[in-house]
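S.K.: Would you be able to build a 3D model of this:
(one chain, ligands or ions: 1)
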Amino acid sequence: MSFKELPLTPELHDYVLSHSTPVDEIAAELIAETRTVVAGHASMQVAPEQAAFLRMLTSLLGVRHAVEVGTFTGLSALSIARGLADGGKLVCFDISEQFTRLAHRYWERAGVDDRIDLRLGRAAERIKELPDEPYLDLVFIDADKGGYVTYWNELVPRVRPGGVILVDNTLWSGRVVDPRSESDRFITGFNEVARNDPRVELVILPIADGLTIARRLP
Ligand SMILES: C[S@@+](CC[C@H](N)C(=O)[O-])C[C@H]1O[C@@H](n2cnc3c(N)ncnc32)[C@H](O)[C@@H]1O
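M.R.: I've put the predicted structure just below:
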């Protein structure tokens, strides 16, 4: 098998960022405030290039119905909400009131607060409140890794044929090739479930910590 090797050095990553559309002032301030207010957890936030990708993909797909599992301080939700088609809605699930408090302020500033319906609590339970039919255009999974298989199994049947499921951290800092810890195995276990799922076709994009993009087949 042939492969094309492209090690993403810090210099090359800087180049990627400086030659992609930059995040705007609101997103930049959200990134900065997250680093200050919840400093110990800031690495949970999606990378700026993922934020740009989420917005672009949402817009390309003409998304009207989206779901996010794992909202934190709101950057990925902000990006998805900004890409929604007119009248589109994003339902967000997160367990933490503390993390998501920050999100509302930035969603309001960006004028997207009315497109986002944040539901607090354990996502595995709250997801069941969603209509039990294939109506979703886009799903983004980025919460507790031990819940990934549950979220996948709940959400794939709710995605319309042609709709897209994105799953973050699926390369897990490269540890997927030599899993040692429980969290490593959460990700490798999930990746096995996803790649053996006949309802989708998928690619793991080596962007940030690995982003799986799956398309629900007809
Ligand atoms: C990696 S962060 C999400 C980052 C976010 N997508 C962003 O761009 O900033 C994971 C989030 O999952 C939430 N979470 C953890 N366990 C959860 C659970 N059982 N149900 C719902 N949310 C959960 C955490 O509170 C945290 O905000």
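
S.K.: Pick out the residue nearest the middle of this protein.
M.R.: Phe140 (3.9 Å; CA atoms, centre = their mean).

S.K.: Just the buried residues of the lengthiest strand in the chain, please?
M.R.: For the chain, the longest strand by residue count, based on DSSP state E, is strand 159-168. By neighbour count with 16 or more other CB atoms under 10 Å, strand 159-168 contains the buried residues Val159, Gly163, Val164, Ile165, Leu166, Val167, Asp168. Bear in mind the C-beta positions are built from the backbone N, C-alpha and C, glycine included.

S.K.: got it, and stretch 89-97?
M.R.: Applying 16+ other CB under 10 Å to stretch 89-97 flags Leu90, Val91, Cys92, Phe93, Asp94, Ile95 as buried.

S.K.: Serialize those residues to TSV and add fields for pLDDT, secondary structure and distance to the ligand.
M.R.: Below are the buried residues of stretch 89-97 laid out as TSV (pLDDT from 0 to 100; DSSP: H, G, I helix; E, B strand; the rest coil; distance: CB to the nearest ligand atom, whole Å):
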residue	pLDDT	secondary structure	distance to the ligand
Leu90	98	strand	12
Val91	98	strand	12
Cys92	98	strand	9
Phe93	98	strand	5
Asp94	98	strand	4
Ile95	98	coil	4
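
S.K.: The buried residues of strand 159-168 into JSON lines, with extra columns for distance to the ligand?
M.R.: As requested, the buried residues of strand 159-168 are exported to JSON lines (distance: CB to the nearest ligand atom, whole Å):
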{"residue": "Val159", "distance to the ligand": "18"}
{"residue": "Gly163", "distance to the ligand": "19"}
{"residue": "Val164", "distance to the ligand": "16"}
{"residue": "Ile165", "distance to the ligand": "14"}
{"residue": "Leu166", "distance to the ligand": "10"}
{"residue": "Val167", "distance to the ligand": "11"}
{"residue": "Asp168", "distance to the ligand": "7"}
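
S.K.: Rebuild these as a markdown table, extending it with pLDDT and distance to Gly147.
M.R.: Below are the buried residues of strand 159-168 laid out as a markdown table (pLDDT from 0 to 100; distance: CB to CB, whole Å):
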| residue | pLDDT | distance to Gly147 |
| --- | --- | --- |
| Val159 | 98 | 17 |
| Gly163 | 98 | 20 |
| Val164 | 98 | 20 |
| Ile165 | 98 | 14 |
| Leu166 | 98 | 16 |
| Val167 | 98 | 11 |
| Asp168 | 98 | 13 |
